[in-house]
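Asker: Let me see the structure of the following:
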Amino acid sequence: MCPGSHSLWALATYIIGETPFPEFSSVGMLDDVQVGYYDSKDKMSVYRGLNPTDKIYDDLAQEGDNVFGTMYDDMKERSFQLKHHFNLTGGVQVQQRMAGCEMLDNGEPAMIMYKETFNAIYTDQTVFSNTTHFTYDAGKLLLGWDGMMQDYKRTLYINVHLPRCIRTLKTFLKIEKNVVMRKVPPRLRLIKKEVSGGFQVSCLAFGFYPRHINLTLLRDGQPVAEQDLTVGEVLPSGDGTYQLRKSLEVSTEELKKRHDYTCTASHLSLDNKLDVSWESGAERVHLSTLSALLVMVLILILFSIFSICVKRRRRTASQALSQLANVYAKVAEEINVSSDSAT
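Answerer: Got it, this is the predicted structure:
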């Protein structure tokens, strides 16, 4: 999906054979947010965050029942054909379909597509993009369309499927705009971890939304080749945001060259690129400086404790001498009083 664009997808599954799951089920996804569900058991569209008494719910439910019901019948017929084509008489057979459309941030349609698999084997795919390019790939299991069928399908996609999908996408965008149109900027960390033979430098971006992000690791201002990096997937963080990590192994010999490493990210939520840096050869110097500072702080703390103890001891000794002097004075006074009485 292009940055700034939005998409609406139906992820459908049709099952032949005995399982605890419905024969047909489909999930509706707006970008990365589930907005609807339909299955062959209830034959009713259910939508997230909508009150069933609202008119918009009735309109979406009617549209969803029509679309999902048609998809159910189509996948059922196709699964039956493929099952007999491969002479599959028993067991569980699974057909899956991904169908939907994408809209640019200016509201113009970008593409509509469907892709299908049967028992995890790619069957066929149709893509109609930029309102001009129509392609069909028959895959490995089905015969391709002839020219007349391709013209018919192209007309169907232009005049029926694409406008219908874009119209529904815009409706869901109005409902879910506070979720899918929010922009949360990434936080960036350059993590250094000592490993056998050197360091691992990891560029981590986290806490961002939407999920599309450009994350680059630079060495002395030049991008490190992707094939030299260990690149992870964009993963959900559990709080509605995403994270991505790219890592580079830096050998001991490379450390001696004191390269400057920079992690930089560009995202829809940022006006300018975000970056953090690290100079490889300076790591041990920084650690040594930090250790010296810690020793100095420790010495100052010990000296302060010693000074406090000495002061307390002096104060205690002074107080003791003062008390002895007071006692001595009282004793002397009592002796003098006794002498006067005797006289």
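
Asker: so what does whichever strand or helix holds residue 153 touch, helix or strand wise?
Answerer: According to DSSP states H and E, residue 153 maps onto helix 147-156. Applying 3 or more CB pairs under 8 Å, 6 or more residues apart in numbering; DSSP states H and E, we find helix 147-156 packed against strand 133-137. In this view, the C-beta of every residue, glycine as well, is placed from N, C-alpha and C.

Asker: May I have the next helix or strand after the helix holding residue 153 exported as PDB, CA atoms only?
Answerer: Next in sequence after helix 147-156, counting helices and strands by DSSP H and E, comes helix 162-180. What follows is helix 162-180, C-alpha atoms only, in PDB (Å, rounded to 0.1, in the frame of the first residue of the first chain):
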ATOM      1  CA  LEU A 162     -14.100  -0.500  -8.500                       C
ATOM      2  CA  PRO A 163     -16.700   2.200  -7.900                       C
ATOM      3  CA  ARG A 164     -18.600   0.000  -5.500                       C
ATOM      4  CA  CYS A 165     -15.400  -0.800  -3.500                       C
ATOM      5  CA  ILE A 166     -14.200   2.800  -3.400                       C
ATOM      6  CA  ARG A 167     -17.700   4.000  -2.300                       C
ATOM      7  CA  THR A 168     -17.700   1.500   0.600                       C
ATOM      8  CA  LEU A 169     -14.100   2.400   1.500                       C
ATOM      9  CA  LYS A 170     -15.000   6.100   1.800                       C
ATOM     10  CA  THR A 171     -18.000   5.300   4.000                       C
ATOM     11  CA  PHE A 172     -15.800   3.300   6.400                       C
ATOM     12  CA  LEU A 173     -13.200   6.100   6.400                       C
ATOM     13  CA  LYS A 174     -15.800   8.500   7.800                       C
ATOM     14  CA  ILE A 175     -16.700   6.000  10.500                       C
ATOM     15  CA  GLU A 176     -13.200   5.000  11.500                       C
ATOM     16  CA  LYS A 177     -11.300   8.300  10.700                       C
ATOM     17  CA  ASN A 178     -10.200   8.800  14.300                       C
ATOM     18  CA  VAL A 179      -8.500   5.400  14.200                       C
ATOM     19  CA  VAL A 180      -7.000   4.900  10.700                       C
END
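
Asker: I'd like the average pLDDT over the next helix or strand after helix 162-180.
Answerer: On the C-terminal side of helix 162-180, the nearest following helix or strand under DSSP H and E is strand 187-195. For strand 187-195, mean pLDDT is 88.

Asker: Quick one: residues in contact with the very next helix or strand once past strand 187-195.
Answerer: Counting by DSSP H and E, the next helix or strand C-terminal to strand 187-195 is strand 198-208. With CB atoms under 8 Å, 6 or more residues apart in numbering as the test, strand 198-208 has contacts from 184-194, 213, 215-217, 237, 239, 241-252, 254-255, 261, 263, 265, 267, 269, 278, 280, 283.

Asker: ok, of those residues, which come out buried?
Answerer: Neighbour counting with 16 or more other CB atoms under 10 Å marks 184-186, 188, 190, 213, 215-217, 241-248, 250, 254-255, 261, 263, 265, 267, 278, 280 as buried within the contacts of strand 198-208.

Asker: which residues sit against the helix or strand hosting residue 246?
Answerer: Assigned by DSSP H and E, residue 246 falls within strand 242-251. Defining contact as CB under 8 Å, 6+ apart, one finds that strand 242-251 is touched by 195, 197-211, 213, 215, 217, 224, 228-237, 259, 261, 280.

Asker: Show the buried residues in the residues you listed.
Answerer: Buried among those (16+ other CB under 10 Å): 199, 201-205, 208-211, 213, 215, 217, 224, 229, 259, 261, 280.

Asker: Spatially nearest residue to the residue minimising distance to the centre of the chain (excluding sequence neighbours)?
Answerer: When CA atoms, centre = their mean is applied to the chain, the residue found nearest the centroid is residue 242 (1.5 Å). Computed as CB to CB, 6 or more residues apart in numbering, the closest residue to residue 242 that is not its neighbour in sequence is residue 211, at 4.6 Å.

Asker: Let me see the contact set for the nearest residue to residue 41 once chain neighbours are set aside.
Answerer: Leaving aside its sequence neighbours, residue 41 sits nearest to residue 22 (CB to CB, 6+ apart; 4.6 Å). Taking CB under 8 Å, 6+ apart as the criterion, residue 22 is in contact with 15, 39, 40, 41.

Asker: ditto for residue 233
Answerer: residue 244.

Asker: same thing with the one 3 residues further on?
Answerer: Contacts for residue 236 (CB under 8 Å, 6+ apart) come out as 32, 242, 243.

Asker: per-residue pLDDT, it?
Answerer: We have a pLDDT of 91 for residue 236.

Asker: ditto for residue 208
Answerer: On pLDDT, residue 208 comes in at 94.

Asker: do the same with residue 44
Answerer: Per-residue pLDDT puts residue 44 at 86.

Asker: Now do the phi/psi pair for it.
Answerer: Dihedral angles of residue 44 (phi, psi; degrees, to the nearest 10) stand at phi -150, psi 130.

Asker: My guess is it contacts residue 36. True?
Answerer: No. Here residue 44 lies out of contact with residue 36, judged by CB atoms under 8 Å, at a distance of 10.8 Å.
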